[in-house]
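**Q** Build the 3D model from these lines:
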Amino acid sequence: MQIKNEIKDSGRHGLNLSALYVLIAGCLWGFMGILVRTLNEESLDSMEITFIRSVVTLAVMLAGLFAWNKKAFKIRIKDIWCFIGTGGLSVAFFNYCYFKTMTLTSLSVAAVLLYTAPAFVMLMSAFLFKETLSRKKLLALLLAFLGCTFVSGIVGGAGTLSAEGILYGLGAGFGYALYSIFGRYALEKNYSSATISFYTFVCSSVVTFFFVDAGKVIAVVSGDGVLLTKTILLVLLVTLLPYLSYTKGLNGMENGTAAVLASIEPVVATLVGMMIYKETLNLWNITGIILVLGSIILININKKK
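**A** Numbers count the residues shown, from 1 in each chain. Coordinates of the predicted model:
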């Protein structure tokens, strides 16, 4: 199936529907800190939280698809590499690198290095899918990266860098970018966003299982009914819904464009921190938010208009 650059379901003006799906995904990912902080308070580390996200999402999708869409389970064995890519090489790998970066450098530096992903997506998509590297895309990418830098606090903040931290951070960005690449291949093989998301978390659950004490994780989460309910709801909010939405959006736009649009995530994360955890915004943070929003507007400007 040939992926078209122009989206049929868009109107002549404003953001098209596929762009809206990607923006929704980026916004929902921005609430990730709530899940992480909630489970950190229960002495669960980052990889254990990744395992929980994968397993809970997998369980909910398994029940939902079994009840309403059994056809989504059907895949061709020869295509399993697509889902190993989205789940094992992307979701599991980028989380490992991202969490490792956090132990080697500041959180702000880790966030900026993670958002090298749009650059990786654009470069790989230009080579693999022959997507054009237009001046508008490159300018939007630059604005988004600068915005993420300002939002995270690396400019005007106290971020520290190390060679090992940089390497792991770039690994996180690269792994994050792989979801768009392998997701595109799966879409071109006519798999639905539900099928892609389900098998993504099958593979992610299998991979992360080998890096955690599953018995401990299950005991901690299931031992408190309130915590279990909160965890399930938060996982649905920051994992299942955004991955379904992002994959749906990929079906109608180029990878590079989607990657830039998803850069709304650190902006939302900053606002969540300010409103829920009473974190403050400085001039650099506000400038970063404006730059990221500017990149989103730029990438959606209709060429004909």
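**Q** could you point out which element follows the helix or strand bottoming out on mean pLDDT in the chain?
**A** When each helix and strand of the chain is scored by mean pLDDT, DSSP states H and E, helix 107-114 comes last, with a mean of 67. Per DSSP states H and E, the first helix or strand lying C-terminal to helix 107-114 is helix 117-128.
**Q** could I have that following helix exported to PDB, CA atoms only?
**A** Extracted in PDB, the C-alpha atoms of helix 117-128 (Å, rounded to 0.1, in the frame of the first residue of the first chain):
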ATOM      1  CA  ALA A 117      14.000  11.600  17.800                       C
ATOM      2  CA  PRO A 118      12.400  13.800  15.100                       C
ATOM      3  CA  ALA A 119      15.800  14.300  13.500                       C
ATOM      4  CA  PHE A 120      16.400  10.600  13.400                       C
ATOM      5  CA  VAL A 121      12.900  10.000  12.000                       C
ATOM      6  CA  MET A 122      13.300  12.600   9.200                       C
ATOM      7  CA  LEU A 123      16.700  11.200   8.200                       C
ATOM      8  CA  MET A 124      15.600   7.600   8.200                       C
ATOM      9  CA  SER A 125      12.400   8.400   6.500                       C
ATOM     10  CA  ALA A 126      14.200  10.300   3.700                       C
ATOM     11  CA  PHE A 127      16.400   7.200   3.100                       C
ATOM     12  CA  LEU A 128      13.800   4.400   3.600                       C
END
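**Q** buried residues in it?
**A** Ala117, Pro118, Ala119, Phe120, Val121, Met122, Met124, Ser125, Ala126 (16 or more other C-beta atoms under 10 Å). (C-beta placed from N, C-alpha, C; glycine too.)
**Q** tell me the contacts of the last one?
**A** With contacts defined as C-beta atoms under 8 Å, 6 or more residues apart in numbering, the neighbours of Ala126 are Thr132, Leu133, Gly256.
**Q** redo that, cut-off 10 Å
**A** By C-beta atoms under 10 Å, 6 or more residues apart in numbering, the contact list for Ala126 reads Thr132, Leu133, Lys137, Glu254, Asn255, Gly256.
**Q** now the fourth one
**A** Phe120 makes contact with Leu170, Gly173, Phe174, Gly175, Tyr176, Ala177, Leu178, Ser180, Ile181, Asn255, Gly256, Ala259 under the criterion C-beta under 10 Å, 6+ apart.
**Q** For the one helix or strand the third one maps to, list every residue counted as buried.
**A** It refers to Phe174. Assigned by DSSP H and E, Phe174 belongs to helix 163-188. For helix 163-188, the neighbour count (16+ other C-beta under 10 Å) marks 165, 168-187 as buried.
**Q** What's the first helix or strand after it?
**A** Next in line after helix 163-188, if elements are assigned by DSSP H and E, sits helix 193-209.
**Q** Pull the distance from that next one to the chain's centre.
**A** Helix 193-209 has its C-alpha centroid displaced from the chain centroid by 14 Å (C-alpha atoms, centre = their mean, to the nearest Å).
**Q** quick one: buried residues of that helix?
**A** 193-205, 207-208.
**Q** And stretch 270-278, by the same measure?
**A** Thr270, Leu271, Val272, Gly273.
**Q** you'd agree the first one is up against Asn285?
**A** It stands for Thr270. Yes: Thr270 lies in contact with Asn285 (C-beta atoms under 10 Å); the separation is 5.9 Å.
**Q** for the buried residues of helix 193-209, which one is nearest Ile296?
**A** Ser193 (21.3 Å; C-beta to C-beta).
**Q** Show me which of the contacts of Ala126 are buried.
**A** Lys137, Glu254, Asn255, Gly256.
**Q** out of those residues, what pair is the most spread apart?
**A** Taking C-beta to C-beta, no two of those sit farther apart than Lys137 and Asn255, at 10.7 Å.
**Q** Spit out the residues that contact the two alike.
**A** Pro118, Met122, Ser125, Ala126, Glu131.
**Q** Local confidence estimate at the closest residue to Val36 other than its chain neighbours?
**A** If the residues on either side of it in the chain are set aside, Val36 comes closest to Ile49, at 5.9 Å by C-beta to C-beta, 6 or more residues apart in numbering. The per-residue pLDDT reported for Ile49 equals 86.
**Q** cool, the one 3 residues further on as well?
**A** The predicted structure scores Ile52 at 91 on the pLDDT scale.
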